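Trainee: sequence first, then the predicted structure:
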Amino acid sequence: MKKILNIGIIGYGTVGRGVLKILEKNQLIAIRKSGVKIKIKSICDIRPIDKPDLYVDNYKTVIKDPEIDIIVELIGGYEPARTVITEALKNGKNIVTANKAVLAKYWDEIFSLAQEKKKLVYFEASVGGVIPVIQGLNEGLAANEIKKIKGILNGTTNFILSKMTNEDMTYEDALKDAQKAGFAEANPSADVKGLDTANKLAILSSIAWGSWIKVKDIRVKGIDKLSVEDVKIASDFGYVVKLLGSAVKTDNGVDLWVEPCLIDHHHFFATVHNEYNAVMIEGDASDDVVFYGKGAGQLPAASAVVSDIIDLAKFIATETAGEVQNVIYSKKKNIKFLPHGKSKSDYYLRFSVVDRPGVLAKISGILGEYGVSIASLYQKDRNKDKKVSIIITTHRAVSEKVAQALEAIDKLPIIKAKTVKLRIEG
């Protein structure tokens, strides 16, 4: 049995520094829980670091070091992260990574190679920051057939939406605040356009159903076009706007989407603010299980990385790592997907129209033609541009029928701006 387990970190940014900080502070806890001393042997980055005795300038040196047991990949992005992970597996290393983008895109390659080489890839920090949702799916809910996964999976967008909701900020101003707070990148497109959430949803879905769920299988809409006007109206209606990722197993296939949604203010998701994330998973035996915690920040992400290192260390120390894979994956398993247009939901619709008689009759008439039933209706006062906002919520409707109705309505001369459509959940 090993007495010392050596770690090689590749990528020494915010999370990498957090990993070092936690391992130095909580070394005794790590030893007690893993049964082995965990030692960082080398750290590779593109520039010299504040630990010159550990610094290595070429990641290949770390990967090929026979004394290193675990490669911790914290580069982010697709390349060279993919190459680091695959080459490390080929060199007999086990992997810990926080990289949701590379996992979602190269799931098949990475886990097929892990199976072939009988090595393990741990990735708790890739979804939900500090939240142990990967472990929850793999272990805590292992006895269940998973029926549904829904969650607030991106701390940046949740921070922005919290600012828009609680402080009446515009999207642009809330984004600037998120950047100042360190939650949003200089280029925030992956977060605000919903891709980051889609990557995480793809990972959770792939674990849940034992196949590779690709990002292209997910319908994605971000918050970058969201108006504070709709956030305020939603609040008046008793809703909170949140960016949700959703995977629901239906009789006709798995329904996958990422969209900003109106959440009833009584629902748990409505209470999740700022950089916090939450995931609700429904199993056939467990019913609903909720995971909640910080989805962004140095120490929450580093905590998940170190937890993976400790868990993996137990198997390496006893020379059992890779005998059983932590991710059940088969290329042969095919997942049926619900066509995007067949998804069903209640909807919030905001029409910007001229102020004249007969407008509502035309709108409701077209909705009716496409089988979209009105649940409630509200008309705001005319604004300075002599336009009126009509807000309609619908009963449960098929998304392609709603889209077809809005396409017809938006062509009418009475419509002065593209109609806003948001799902209503919970």
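Mentor: Thanks, I have the structure now.

Trainee: how is this structure divided into domains?
Mentor: Domain assignment for the chain by automatic domain parsing gives 4-129+298-317, 141-294, 342-425.

Trainee: per-residue pLDDT, residue 382?
Mentor: Listed pLDDT for residue 382 reads 69.

Trainee: and residue 329, that's in a helix?
Mentor: No - according to DSSP: H, G, I helix; E, B strand; the rest coil, residue 329 belongs to no helix; its state is coil.

Trainee: who touches it in this structure?
Mentor: 107-108, 111-112, 115, 206, 210-212 (CB atoms under 8 Å, 6 or more residues apart in numbering). Where C-beta positions appear, they are placed from N, C-alpha and C, glycine not excepted.

Trainee: can you do 7 Å?
Mentor: By CB atoms under 7 Å, 6 or more residues apart in numbering, the contact list for residue 329 reads 111, 210.

Trainee: residue 40 now?
Mentor: Counting by CB under 7 Å, 6+ apart, the residues that residue 40 touches are 7, 9, 20, 23, 54.

Trainee: with residue 242 instead?
Mentor: Going by CB under 7 Å, 6+ apart, residue 242 touches 152, 158, 161, 261, 263, 269.

Trainee: is it in a helix, a strand, or coil?
Mentor: Per three-state DSSP, residue 242 ends up strand.

Trainee: that one bridge partners, please.
Mentor: Taking DSSP bridges as the rule, residue 242 bridges to residue 261.

Trainee: now do the same for it: its pLDDT.
Mentor: Note for residue 242: predicted pLDDT of 98.

Trainee: need the domains of the chain in TSV (columns: distance to residue 333).
Mentor: Below are these laid out as TSV (distance: least, CB to CB, whole Å):
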stretch	distance to residue 333
domain 4-129+298-317	12
domain 141-294	4
domain 342-425	22
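
Trainee: not counting sequence-adjacent ones, nearest residue to residue 177?
Mentor: Nearest residue to residue 177 in three dimensions, chain neighbours excluded: residue 163, at 5.6 Å (CB to CB, 6 or more residues apart in numbering).

Trainee: same thing with residue 240?
Mentor: residue 270 (4.2 Å).

Trainee: what's the answer for residue 118, then?
Mentor: Nearest one to residue 118, counting by CB to CB, 6+ apart, is residue 322 at 3.7 Å.

Trainee: for residue 221, give me its contacts.
Mentor: By CB under 7 Å, 6+ apart, the neighbours of residue 221 are 194, 258-260.

Trainee: helices - which of the contacts of residue 40 land there?
Mentor: 20, 23 (DSSP state H).

Trainee: need the contacts of residue 40 in JSON lines with distance to residue 62, pLDDT and neighbour count, can you?
Mentor: Shown next, in JSON lines, are the contacts of residue 40 (distance: CB to CB, whole Å; pLDDT from 0 to 100; neighbours: other CB atoms under 10 Å):
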{"residue": "7", "distance to residue 62": "10", "pLDDT": "97", "neighbour count": "23"}
{"residue": "9", "distance to residue 62": "8", "pLDDT": "98", "neighbour count": "30"}
{"residue": "20", "distance to residue 62": "15", "pLDDT": "96", "neighbour count": "21"}
{"residue": "23", "distance to residue 62": "17", "pLDDT": "95", "neighbour count": "21"}
{"residue": "54", "distance to residue 62": "10", "pLDDT": "96", "neighbour count": "16"}
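
Trainee: with distance to residue 252 added, can I get the contacts of residue 40 in TSV?
Mentor: Converted to TSV, the contacts of residue 40 look like this (distance: CB to CB, whole Å):
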residue	distance to residue 252
7	46
9	45
20	49
23	48
54	54
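
Trainee: farthest pair within the contacts of residue 40?
Mentor: 23 and 54 (11.8 Å; CB to CB).

Trainee: contacts only, for the residue nearest to residue 373 when sequence neighbours are not counted.
Mentor: With CB to CB, 6+ apart as the measure, residue 395 is the residue that lies nearest to residue 373, at 4.3 Å, once sequence neighbours are left out. By CB under 7 Å, 6+ apart, the residues touching residue 395 are 346, 373, 375.

Trainee: can you do 8 Å?
Mentor: Residue 395 makes contacts with 346, 373-375, as judged by CB under 8 Å, 6+ apart.

Trainee: farthest-separated two in those?
Mentor: Maximum distance among these (CB to CB): 11.0 Å, for 346 and 374.

Trainee: helix, strand or coil for the residue of the chain positioned farthest from its centre?
Mentor: For the chain, the residue at maximal distance from the C-alpha centroid (CA atoms, centre = their mean) is residue 357, at 45.2 Å. Three-state assignment for residue 357 (three-state DSSP): coil.

Trainee: next one: residue 76
Mentor: With three-state DSSP as the basis, the three-state label of residue 76 is coil.

Trainee: my read is that it contacts residue 101, right?
Mentor: Yes - with contact defined as CB atoms under 8 Å, residue 76 counts as touching residue 101 (7.2 Å).

Trainee: and residue 80, how far from residue 208?
Mentor: 29 Å (CB to CB, to the nearest Å).

Trainee: who has more neighbours, those two?
Mentor: Each of residue 80 and residue 208 has its neighbours counted (other CB atoms under 10 Å); residue 208 has more, 23 against 15.

Trainee: the more buried one against residue 149, yeah?
Mentor: Yes - Residue 208 is within contact range of residue 149, at 6.2 Å (criterion: CB under 8 Å).

Trainee: joint contacts of the two?
Mentor: What both residue 208 and residue 149 touch, as defined by CB under 8 Å, 6+ apart, is the set 247, 281.

Trainee: what's the residue nearest in space to the middle of the chain in contact with, if anything?
Mentor: What sits nearest the mean C-alpha location of the chain, by CA atoms, centre = their mean, is residue 197, with 3.0 Å. Counting by CB under 8 Å, 6+ apart, residue 197 makes contact with 153-154, 157, 220, 243, 245, 258.

Trainee: now with 6 Å, please.
Mentor: By CB atoms under 6 Å, 6 or more residues apart in numbering, residue 197 lies in contact with 153-154, 245, 258.

Trainee: quick one: which of those residues sit in strands?
Mentor: In strands, judged by DSSP state E, the following of the contacts of residue 197 are found: 245, 258.
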